[in-house]
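In: Sequence first, then the predicted structure:
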Amino acid sequence: MSTDSIRQGGGALEDIVSLAPIGEPRRKITVASLREKKLQHQPITCLTAYDYASARLVDEASIDIVLVGDSLAMTMLGYPDTLSVTVDEMLHHTRAVRRGVKHALLVADMPYGSYHVGADDAVRNAARFMKEAGAEAVKIEGGEKRADLIRRVIDAEIPVAGHIGLTPQSVNVMGGYKVQGKSLAEIEQLMRDAVALDRAGVAFLVLEGIPREVAAMITAEVATPTVGIGAGPDCDGQVLVFHDILNLTFTPPAKFVRRYGDAAKLITDAAQSFREDVISHQYPLDNESYHLSKETQQALETVLERKRGMRR
Ligand code: KIV
């Protein structure tokens, strides 16, 4: 290979780094393996990812489920909530994530409006995530009232993840992002929601923003694995948002968020150091520059000398 190759090593990240623990062959995660994990009491891990690089890193960290959440409306696109993100925007990000994920189960969120008009519409949009973006399941918010619609999507051979409790697409109905399931009536409704989705055959059930005690009851009641976010430690698994765990949200974290790194500091420090190096002429250095060969340099000198001579 030429030493002047722009991308040393050919540029394929997989040739350079693999974070998979050595000696542990990784199995492809499927809907069936999630059920198996619940039966074996093995915690299920899920993180969101929205682009190729983050998807690769999350997948190579052996996370079970990669979720292209509609939270990308805020984290990636700067919208104030999840409501305005479109199917086409979700597909665009899901395709990028698909290219980065090898082993995890790839789940895409059905955005607001893509399943609210009717079941035909829901099946058509869900099929786009499978056919056009390579998703292996879609996620739909809502409980009992969505059970028939979810059954229709599953009948079209599309695995569906449920999502109950604090469902961000219902922010206007809920009157804000509030913990759900705090009164006896709300607990009863949540139990009905969970059982209805379990009977409909969801691949797993996201429990968001509900008391630990309620999440524990649901988890004990349903056969489908529960994956909690702000729902306490008794769920079958946990999901967090990629940008939350890395301090990339520009807002104070919710109570349940644990920060595992500070990418905001890392990126700011790197950008500032780059700027300082450029304005102080410390970047690029000679050894970071391309050079002519000796022969070409000599030939160029001769040409330039001749031109200078003609001008005199
Ligand atoms: O959109 C999302 O990121 C989600 C998770 C919070 C479960 O739905």
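Out: Noted; the coordinates are in hand.

In: Show me which residues of the stretch 51-200 of the chain are close to the ligand?
Out: When proximity is defined as Cβ under 6 Å from any ligand atom, the stretch 51-200 of the chain approaches the ligand at G69, D70, S71, D109. (C-beta placed from N, C-alpha, C; glycine too.)

In: OK, contacts around the first one?
Out: For G69, the contact set (Cβ atoms under 8 Å, 6 or more residues apart in numbering) comprises T48, Y50, D109, K139, V241.

In: And the furthest pair within the residues of the stretch 51-200 of the chain next to the ligand?
Out: Using Cβ to Cβ, those reach their maximum pairwise distance at S71 and D109, which is 7.9 Å.

In: Looking at those two now, which is surrounded by more residues?
Out: Taking S71 and D109 together and counting by other Cβ atoms under 10 Å, D109 has the greater number of neighbours (30 against 21).

In: The nearest residue in space to that one that is not next to it in sequence: what's it in contact with?
Out: Counting by Cβ to Cβ, 6 or more residues apart in numbering, the nearest residue to D109 once its immediate chain neighbours are dropped is D70, at 4.1 Å. Shown in contact with D70 (Cβ under 8 Å, 6+ apart): T82, V85, M90, D109, M110, P111, Y112, P168, Q169.

In: Extract the CA atoms of the helix or strand hosting R151 and return them as PDB.
Out: Element membership for R151 (DSSP states H and E) is helix 147-155. In PDB, the C-alpha atoms belonging to helix 147-155 read as follows (Å, rounded to 0.1, in the frame of the first residue of the first chain):
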ATOM      1  CA  ALA A 147     -53.300  -4.400  21.200                       C
ATOM      2  CA  ASP A 148     -55.400  -5.100  18.000                       C
ATOM      3  CA  LEU A 149     -53.300  -2.900  15.800                       C
ATOM      4  CA  ILE A 150     -50.100  -4.500  17.200                       C
ATOM      5  CA  ARG A 151     -51.600  -7.900  16.400                       C
ATOM      6  CA  ARG A 152     -52.100  -6.900  12.800                       C
ATOM      7  CA  VAL A 153     -48.500  -5.800  12.500                       C
ATOM      8  CA  ILE A 154     -47.300  -9.100  14.000                       C
ATOM      9  CA  ASP A 155     -49.600 -11.000  11.600                       C
END
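
In: Checking my notes, H163 in a helix, right?
Out: No - under DSSP: H, G, I helix; E, B strand; the rest coil, H163 sits outside any helix and is assigned strand.

In: lowest average confidence, helix or strand, in the protein?
Out: Ranked by mean pLDDT, DSSP states H and E, the helix or strand of the chain with the weakest confidence is helix 13-16, at a mean of 46.
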